[in-house]
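Undergrad: okay, predicted coordinates and the sequence, questions at the end:
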Amino acid sequence: MPGSVRDLTLFVAVYEQRSFTAAAEREGATQSGVSQHIRKLEDTLGVRLFTRSKGEVQPTPAGDALYLKSIDILRLYDAAKQAARSYGKGLEGELVVGLMPTMTRSVLAPALARFVADHPNVSINVIEAYSATLTQQVRAAEIDFAIVPAFACPPGLMSRLFLRTPEVLVSNPSLGLAHGAPVRLAGLSPVKLILPGRGNTRRHSLETYCAANGVSIERLLELDAMLATLDLVARSDWMTVLPGIMMALDDGTQHRVNPLAEPPFWLDLVLIEPSQRSMTAAARAFVAELEAEAQRLNRRWGPDAAPKPEKGAGNAAKKAAAQGARRPGRGRRLSRPPRPDAS
C-alpha cells in the first residue's frame with residue numbers, strides 16, 4: 001500500500017543519501033525497487049518529491065515537507081514497537097555506541113562497569129573513533145548513538161547537549177607549570193603544539209582560538225593518535241590541548257594539566273542519534289551512566305566548570321584578543337582562519 005512505513009523508510013533513505021543507489025544499499029533493497037516505491041508515493045500524493053537530472057537527486061519543497069513529517073512518523077512507529085516489547089523481561093538486546101578518545105580515556109570504564117553489572121542481558125559494543133567517522137556511522141544507523149564535539153547537524157541526525165568541559169593545556173612536568181592552575185597560552189609563546197588533523201572537528205576551533213588570542217606557534221605537529229600524543233608530551237617539550245573531561249584523573253606526575261584562561265576555552269560535547277529511530281531503553285540507560293560519570297569527572301574543574309555566557313563576554317573576549325595580538329612573539333602565528341574541516 002502506498003504511504004506505508006516501508007515507503008516512508010525508503011523515501012527518508014533517498015532524501016538523506018541524495019541517491020537511489022546509496023539508499024537501496026542502506027536499506028537492503030534494489031535500486032529499481034526503491035524507484036518504484038518513490039514513484040508510487042508520488043502518484044498517491046500527486047506531487048513530485050525529487051528532481052532527477054544528470055545523476056543528481058534533489059528534494060522538491062514537497063519532499064522537504066514530507067521528510068520532516070516522515071521522521072516524526074518513523075520515530076513514533078519505532079517507539080510504539082519498543083513500548084510493546086518492553087513488557088518482556090528486563091533490559092536486553094544489542095547496543096552499539098560510538099565514542100571518541102575524549103570519552104574512552106576516563107569516562108567509559110566506570111560507566112560501562114556499572115551498566116554491564118545492572119544489565120547483563122544487553123550485548124554492548126563500543127567503537128572508538130574520531131567525530132567524522134562516528135557521525136557517518138550514526139547517519140547510516142550503524143551505531144545507536146555517539147558523543148562528539150558540537151557541529152551543525154545534517155539531515156538524518158538528531159543532537160542534544162551532552163556536556164560542556166574546559167579545554168586544557170597538557171605539558172611535560174619539566175616545563176614547570178603548576179598542575180591544575182589556569183594558564184594563559186599566549187603567555188607561553190612561542191609553543192610547540194600538537195593538534196589533531198584537519199578532519200577533526202576540534203582543529204578549526206583550536207586554530208581560531210590561537211589566532212584570536214595572540215598565541216605564537218614555533219612548531220606545529222599533526223597527530224590523530226591519542227596515545228602517541230600523550231606519550232610524546234610525556235617525553236618531550238611538545239604541548240597539546242585536550243578536553244578537560246579526558247584529563248580529569250591526571251595527578252601531574254606524567255602530564256601537567258592546566259585549564260586555558262584569559263580567555264577560557266570551552267568544548268561542547270553533543271549526543272547524536274539517527275533521526276528516524278527512537279533510542280532504545282538500553283541506550284537510554286547507558287547514556288544515563290555516561291552522563292553521570294562525565295558530570296562527576298567534570299567537577300574536577302570546579303563548580304563553575306560550565307558557566308553560561310555572561311552579558312558583555314563577547315566584548316571582553318574581543319578586548320583580550322586585541323591585547324594578545326599586540327604582544328610581540330617569536331615564531332609562527334596563525335593569522336587567518338583555516339579552511340573548514342570535514343566534521
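TA: That came through fine.

Undergrad: A helix includes residue 96, no?
TA: No. Judged by DSSP: H, G, I helix; E, B strand; the rest coil, residue 96 forms no part of a helix; its state is strand.

Undergrad: partners of it in the sheet?
TA: Beta-bridge pairing of residue 96 under DSSP bridges involves residue 125.

Undergrad: over to residue 193?
TA: Going by DSSP bridges, residue 193 forms beta bridges with residue 220, residue 239.

Undergrad: show me the shaky parts of the stretch 51-200 of the chain.
TA: Within the stretch 51-200 of the chain, the segments meeting pLDDT under 70 span 86-90.

Undergrad: that one: helices as residue ranges?
TA: With DSSP state H, counting those that start in this stretch as the criterion, the stretch 51-200 of the chain has helices at 61-85, 101-104, 108-118, 131-139.

Undergrad: out of those helices, which one sits most buried?
TA: helix 101-104 (a mean of 22; mean count of other Cβ atoms under 10 Å). For the C-beta atoms, the positions are set from N, CA and C on the backbone; glycine is no exception.

Undergrad: show me what that helix is packed against.
TA: strand 122-128 (3 or more Cβ pairs under 8 Å, 6 or more residues apart in numbering; DSSP states H and E).

Undergrad: what is the strand it packs on packed up against?
TA: strand 93-99, helix 101-104, helix 108-118, helix 281-298.

Undergrad: any buried residues in it, and which?
TA: Residues of strand 122-128 classed as buried by neighbour count (16 or more other Cβ atoms under 10 Å): 122, 124, 128.

Undergrad: ok, the closest residue to the last one other than its chain neighbours to residue 196 distance?
TA: If you skip the residues right next to it in sequence, residue 128 has residue 104 as its closest partner in space, 5.2 Å away by Cβ to Cβ, 6 or more residues apart in numbering. Taking Cβ to Cβ, to the nearest Å as the criterion, residue 104 is separated from residue 196 by 15 Å.

Undergrad: so which bits of stretch 265-283 are buried?
TA: Buried-residue list, stretch 265-283, by 16+ other Cβ under 10 Å: 265-267, 269-283.

Undergrad: can you give me the end-to-end span of it?
TA: End-to-end distance for stretch 265-283: 30 Å, by Cα to Cα, to the nearest Å.

Undergrad: tell me the mean pLDDT for that stretch?
TA: For stretch 265-283, mean pLDDT is 94.

Undergrad: and that stretch, how far out from the chain's middle?
TA: 9 Å (Cα atoms, centre = their mean, to the nearest Å).

Undergrad: likewise stretch 162-181?
TA: 22 Å.

Undergrad: what residues are up against residue 239?
TA: 169, 170, 171, 172, 175, 188, 191, 192, 193, 194, 233 (Cβ atoms under 8 Å, 6 or more residues apart in numbering).

Undergrad: closest one to residue 210 out of those, please.
TA: residue 193 (7.7 Å; Cβ to Cβ).

Undergrad: thinking again about what came up before, please identify which of the helices and strands packed on strand 122-128 is closest to residue 217.
TA: Here helix 101-104 is closest among the helices and strands packed on strand 122-128 (Cβ to Cβ), at 22.6 Å.

Undergrad: send me that closest one as CSV with only the CA atoms.
TA: Below are the C-alpha coordinates for helix 101-104, written out as CSV (Å, rounded to 0.1, in the frame of the first residue of the first chain):
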residue,chain,number,x,y,z
PRO,A,101,39.2,9.1,23.0
THR,A,102,37.9,12.1,24.9
MET,A,103,35.3,9.8,26.4
THR,A,104,37.1,6.4,26.4
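
Undergrad: residue contacts, the closest residue in space to residue 289 that isn't next to it in sequence?
TA: Closest residue to residue 289 apart from its sequence neighbours, by Cβ to Cβ, 6+ apart: residue 111 at 4.1 Å. Contact analysis of residue 111 by Cβ under 8 Å, 6+ apart lists 286, 289, 290, 292, 293.
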